[in-house]
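**Q** Build me a model:
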Amino acid sequence: MAHALLAAAFLVLLPSGLQIFNAHPALYTGETSRFGHAWLEIGARERAEDMQGFLRIGGREFETTGVLGWSGATGEREKRAFPSWATLPGYQSLATGRNWHLAAAWILGLALAAYLAAGLAGGRLWRALLPTLDMLAPKAILADLAAHLTLRLSPPERGYNLLQRLSYLFAAWIVLPVMVISGLAMSPAVHAAWPWTGDIFGGRQSARSAHFLGTVFLSLFLTAHLVMLVLHQPLRRLRIMILGVRGGHA
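**A** The predicted structure follows:
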């Protein structure tokens, strides 16, 4: 059940986080925003007699009219970094986005704590996620890569393969802690009480950048997760993830 709650919480955190990002669609490093020195920016500007959306990453710029910066159906476009269909709520409201984000963050935090506590208490977490010596053999690594590239995955009762274990470990023990701490650093009240939350990233703006990059990784992780689920015995794997049932009966 914790597995399902984590996925549901993320599906609320993502669009509400994009709503918050829309309030200032630029990312910096260091402690303060240095206008004109963003390493990533989404915006819109006048071009001839029309508006043009753009995405700028470092020194590279891409036109994104209709998708990012200047989005919406032709004739109904508006200036906003991420379009209405990708944000929660769909209309522009920083306060409402923050409320949804905070509520989902509590759900994710409690579900993650319960999942990790149960896994650590029974030792299942280490048995399921730590790679074995056999998995780390060069021949086994190449076989695992070939299986993923050809979408020939092992049945769920055999447990996670090497790439799955490494991705889960990276997500659970590196990315999620970074997301939690960087999220706390962006709160003025929390940062004032615990300045180390921003200091460990090199400043609050660096923490915001880390939070954004973590979101990108988790979005890709969840997308790959769902694709693999759909392609390989989806009903059976859903029963295992939600109910913990591996046998033939629920």
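
**Q** Kindly provide the distance from L110 to N161.
**A** 30 Å (CB to CB, to the nearest Å). (Glycine included, C-beta is placed from N, CA and C.)

**Q** cool, and Y115?
**A** From Y115 to N161 the distance is 21 Å (CB to CB).

**Q** Also L27?
**A** From L27 to N161 the distance is 35 Å (CB to CB).

**Q** And the two? Which one has more around it.
**A** Using other CB atoms under 10 Å as the criterion, L27 and N161 rank with L27 on top: 21 against 17.

**Q** thinking the more buried one is in contact with W39, fair?
**A** Yes. In terms of CB atoms under 8 Å, L27 counts as a neighbour of W39; the distance is 5.9 Å.

**Q** who touches both of these two?
**A** Residues touching both L27 and W39 (CB atoms under 8 Å, 6 or more residues apart in numbering): S209.

**Q** ok, and the closest non-adjacent residue to L166?
**A** Closest residue in space to L166, ignoring its immediate chain neighbours: P131 at 6.9 Å, by CB to CB, 6 or more residues apart in numbering.

**Q** Any idea how many residues pack against the one you found?
**A** The number of residues near P131, taken as other CB under 10 Å, comes to 17.

**Q** Excluding chain neighbours, what is closest to A146?
**A** Nearest non-adjacent residue to A146, counting by CB to CB, 6+ apart: R152, 7.9 Å away.

**Q** does the one you found belong to a helix or a strand, and which?
**A** R152 belongs to no helix or strand when assigned by DSSP states H and E.

**Q** got the contact list for the residue nearest to L166?
**A** L162, R165, L166.

**Q** Would you mind listing which of these are buried?
**A** Buried residues within the contacts of P131, counting neighbours by 16 or more other CB atoms under 10 Å: L162, R165.

**Q** For the contacts of P131, give me TSV that also has secondary structure, pLDDT and distance to V190.
**A** Listed next are those as TSV, based on DSSP: H, G, I helix; E, B strand; the rest coil; pLDDT from 0 to 100; distance: CB to CB, whole Å:
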residue	secondary structure	pLDDT	distance to V190
L162	helix	84	37
R165	helix	86	33
L166	helix	87	31
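
**Q** Output the below-cut-off pLDDT ranges for the protein.
**A** Applying pLDDT under 70 to the chain flags residues 1-2, 153-159, 232-250.

**Q** Now do the strands in it.
**A** 26-27, 40-47, 50-57, 60-63, 69-71, 78-80 (DSSP state E).
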